[in-house]
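>>> Provided below for reference: sequence and predicted model.
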Amino acid sequence: MNIRSLLRTLPEFIKFVHLNGNGCRRPNVPYLKKNLYLSDQVAYSLFYRGKVTFLDNGYNWNPSYGINKDASIVHFNGLKWTQWQDYHSGCLPQQKLKKFKELVSKSPAAYEYYINLAYKYMSEVENQILNKA
């Protein structure tokens, strides 16, 4: 995200959200045509439509796409890495469990890979914090 640009357009963006937040007409694109309150992603997509340059998928990789060792940012949409143990033990609500099973089934090995990376990274961060204390 280009923070400087976002700050520059913030007043206009806030006005857009206030004027269009409920029942905004959406473009005829499956994700955007939902007649809902604006979520952050929908608001950004509508407001900045045609004004942005999209980054390579490696900056918004999802485990359901498979393993990409060159990915810079992994986005756990749906099943978060912190919910992995609950997913495996069956402790998630049934409605979420069905959705997660569909996502994970696309690439279970990638979910395992990225979740293990997340735990490893968080363990290293925790150790650094504890060693400084």
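Okay, I see it. Numbering: from 1, shown residues only.
>>> ok, so what distance separates residue 49 from residue 13?
The gap separating residue 49 from residue 13 is 12 Å, by Cβ to Cβ, to the nearest Å. No exception for glycine: its C-beta is placed from N, CA and C like everyone else's.
>>> between those two, who's got more neighbours?
Between residue 49 and residue 13, counting by other Cβ atoms under 10 Å, residue 13 is the more crowded of the two (16 against 11).
>>> my guess is residue 113 meets residue 68, correct?
No. Using Cβ atoms under 8 Å, residue 113 makes no contact with residue 68, being 9.7 Å away.
>>> can you pull out the helices in the chain?
3-8, 10-20, 40-47, 84-89, 94-106, 108-132 (DSSP state H).
>>> got these as JSON lines, with distance to residue 56 columns?
Below are the helices of the chain laid out as JSON lines (distance: least, Cβ to Cβ, whole Å):
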{"stretch": "helix 3-8", "distance to residue 56": "19"}
{"stretch": "helix 10-20", "distance to residue 56": "25"}
{"stretch": "helix 40-47", "distance to residue 56": "18"}
{"stretch": "helix 84-89", "distance to residue 56": "26"}
{"stretch": "helix 94-106", "distance to residue 56": "20"}
{"stretch": "helix 108-132", "distance to residue 56": "18"}
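>>> Number of residues surrounding the residue nearest to residue 117 when sequence neighbours are not counted?
Nearest residue to residue 117, sequence neighbours excluded (Cβ to Cβ, 6 or more residues apart in numbering): residue 74, at 7.8 Å. By other Cβ under 10 Å, the residues close to residue 74 number 20.
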